[in-house]
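**Q** Dropping a prediction and its sequence here:
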Amino acid sequence: MQKYNIVIYGLTEAALVCADSAHKAYPDKNIALIFPENDKKFISLLSENLASNSNGQVKVLYKKITAREANNLILDDNEIISFDKLVIATGSSPIRPNIQGIDKEGVFLIDKDFQNLNRIKKFALKCEKIVVFGGGYFGVELTDELLREGKSVTIIERSNRLLPSSFDSEISLSAQNIIESQGGVVILNNKIREVIGSDRIEAVKLRSEETISCDFLMISSGSRPNVEVAEKLKIVFDYDRGILIDDYFRTSDKNIFAIGDCAAKFDFFRGDLCSFLMQSLKLQEADLVGSNLYSVIYNRGKLSSYLTHQKRLLGRIKNRENNDEKSYLPLRSLQT
């Protein structure tokens, strides 16, 4: 049985950044970077380069985790490896709506992978009649870019306005006016029921029975966290929101961390789980966690001391309510 100090699982940019950060912070630790598949060549090449320049401290494996027993991971080839710290960075996948004929050629699901997004845009530029299903930020942005390239574009949104979860109704109306001023067609309160065509898309049929001719369909219905491995690891997760973590990105097992799109985030204002994935934060999370895998207790001690000190200051201020002297405290201490 091979033992690794740090195991990082997931074929994502976050996994790669976390491995690089961990190697820099802990050069004496041996690290296993495990990829469940090998369909992202760029990440694989960068990972192999990291491994080749690590003096043997970083190893790349192309395997899947099938089960876990304590700190031992069972892989799909029945190999067993042990870990001190495990980081899950499996990312997210585009939501696949229930549309008949969705597997036909010319139909693409939009996710948050920018390399994949650019590849799909290149295909779209070779077509003439394009339908975008999903009036969120990505859908509106793609529609605008394709219209500027002279393409015929129809955008379909299930709710009563564009950008329903991103902006208020005033900005939504402005976005609709911009699209229509460029010759685009906006269809609201409707959705695609069927993709028509033999092998390749020729048209789409809507819930309203309207048929729209097209040779390219882009579906932007959001993303869902990849949490399948969480069940195998026996840690707490939510299918729609992600793997539950604390302030230090630790899961229900304190030696297992989750970062990026697969990890659930809390809404600061509502105190509940976020209903969207914070794409812009995942690499910062990966870098932070990778360099602090063995220092969580130390950091927690500093935070505890800091809060105790701030509470004492707050108590002094309350005892001097009639004093004109002004004192200022960080917002965190006032919320404690």
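**A** Yes, it's here.
**Q** A strand includes E141, no?
**A** No. If the criterion is DSSP: H, G, I helix; E, B strand; the rest coil, then E141 is helix and not within a strand.
**Q** pretty sure Q176 contacts I187?
**A** No. Using C-beta atoms under 8 Å, Q176 is not in contact with I187; the gap is 10.7 Å. (Each C-beta comes from the backbone N, C-alpha and C, glycine too.)
**Q** Please give me every residue in contact with the spatially most central residue of the chain.
**A** Nearest residue to the geometric centre of the chain (C-alpha atoms, centre = their mean): D261, 2.6 Å. Applying C-beta atoms under 8 Å, 6 or more residues apart in numbering, we find D261 in contact with T12, A14, G91, S92, K112, S223, P225, N226, G242, L277, Q279, K282.
**Q** Repeat that for I74.
**A** Going by C-beta under 8 Å, 6+ apart, I74 touches I65, T66, A67, R68, I80.
**Q** pLDDT at the residue nearest to the fourth one when sequence neighbours are not counted, what is it?
**A** I take that to be R68. Counting by C-beta to C-beta, 6 or more residues apart in numbering, L233 is the residue found nearest to R68 once chain neighbours are left out, at 4.9 Å. L233 is assigned 96 on the pLDDT scale.
**Q** Next, count neighbours for L233.
**A** 21 (other C-beta atoms under 10 Å).
**Q** L117 too?
**A** For L117, the neighbour count with other C-beta under 10 Å is 17.
**Q** SS state for it?
**A** helix.
**Q** List the contacts of it.
**A** Contacts of L117 by C-beta under 8 Å, 6+ apart are I110, D111, F138.
**Q** Could you turn the buried ones of the contacts of D261 into a PyMOL selection?
**A** Listed next is the PyMOL selection for buried residues among the contacts of D261, using 16 or more other C-beta atoms under 10 Å:
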select buried, resi 12+14+91+92+112+223+225+226+242+277+282
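**Q** would you turn the contacts of D261 into CSV with distance to I192 and pLDDT?
**A** Listed next are the contacts of D261 as CSV, based on distance: C-beta to C-beta, whole Å; pLDDT from 0 to 100:
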residue, distance to I192, pLDDT
T12, 29, 91
A14, 32, 93
G91, 26, 91
S92, 22, 91
K112, 21, 73
S223, 18, 86
P225, 24, 92
N226, 25, 94
G242, 27, 92
L277, 23, 51
Q279, 25, 54
K282, 30, 82
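**Q** In helices only, show me the contacts of D261.
**A** If you go by DSSP state H, the contacts of D261 have A14, K282 in helices.
**Q** which one among the contacts of D261 gets closest to F216?
**A** K112 (20.1 Å; C-beta to C-beta).
**Q** Let me know whether that closest one touches S223 as I believe.
**A** Yes. Using C-beta under 8 Å, K112 is in contact with S223, at 6.0 Å.
**Q** In the stretch 1-150 of the chain, mark out all the strands, start to finish.
**A** 2-9, 31-35, 58-62, 65-69, 72-75, 80-88, 92-94, 107-109, 129-133 (DSSP state E, counting those that start in this stretch).
**Q** Between these, which has the poorest mean confidence score?
**A** The minimum mean pLDDT among those belongs to strand 92-94 (a mean of 90).
**Q** Including distance to H23, could the strands of the stretch 1-150 of the chain go into TSV?
**A** Below are those laid out as TSV (distance: least, C-beta to C-beta, whole Å):
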stretch	distance to H23
strand 2-9	9
strand 31-35	6
strand 58-62	6
strand 65-69	21
strand 72-75	20
strand 80-88	13
strand 92-94	25
strand 107-109	34
strand 129-133	41
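**Q** Looking at those strands, which is nearest to F249?
**A** F249 lies closest, by C-beta to C-beta, to one member of the strands of the stretch 1-150 of the chain: strand 80-88, at 8.3 Å.
**Q** any idea how far Y239 is from A264?
**A** Between A264 and Y239 the distance is 11 Å, computed by C-beta to C-beta, to the nearest Å.
**Q** who has more neighbours, those two?
**A** A264 (20 against 11).
**Q** I figured that one hits D238, correct?
**A** Yes. At 5.9 Å, A264 counts as touching D238 under the criterion of C-beta under 8 Å.
**Q** just to revisit the earlier point, who wins for neighbours among the contacts of I74?
**A** Neighbour counts for the contacts of I74 peak at I65, which has 21 neighbours (criterion: other C-beta under 10 Å).
**Q** what's near enough to touch that residue?
**A** Applying C-beta under 8 Å, 6+ apart, the residues contacting I65 are Y9, I34, P36, L73, I74, L75, D76, V229, K232, L233.
**Q** Please convert the buried members of the residues you listed into ChimeraX selection syntax.
**A** In ChimeraX, this line selects whichever of those come out buried by 16+ other C-beta under 10 Å:
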select :9,34,36,73,74,75,229,233
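**Q** and which of the contacts of I65 is nearest T211?
**A** The closest of the contacts of I65 to T211 turns out to be P36 (C-beta to C-beta; 39.9 Å).
**Q** And the closest one, its phi and psi?
**A** With angles defined as degrees, to the nearest 10, P36 sits at phi -70, psi -20.
**Q** Spatially nearest residue to it (excluding sequence neighbours)?
**A** The shortest distance from P36 to any non-neighbouring residue, by C-beta to C-beta, 6+ apart, is to K64 (4.5 Å).
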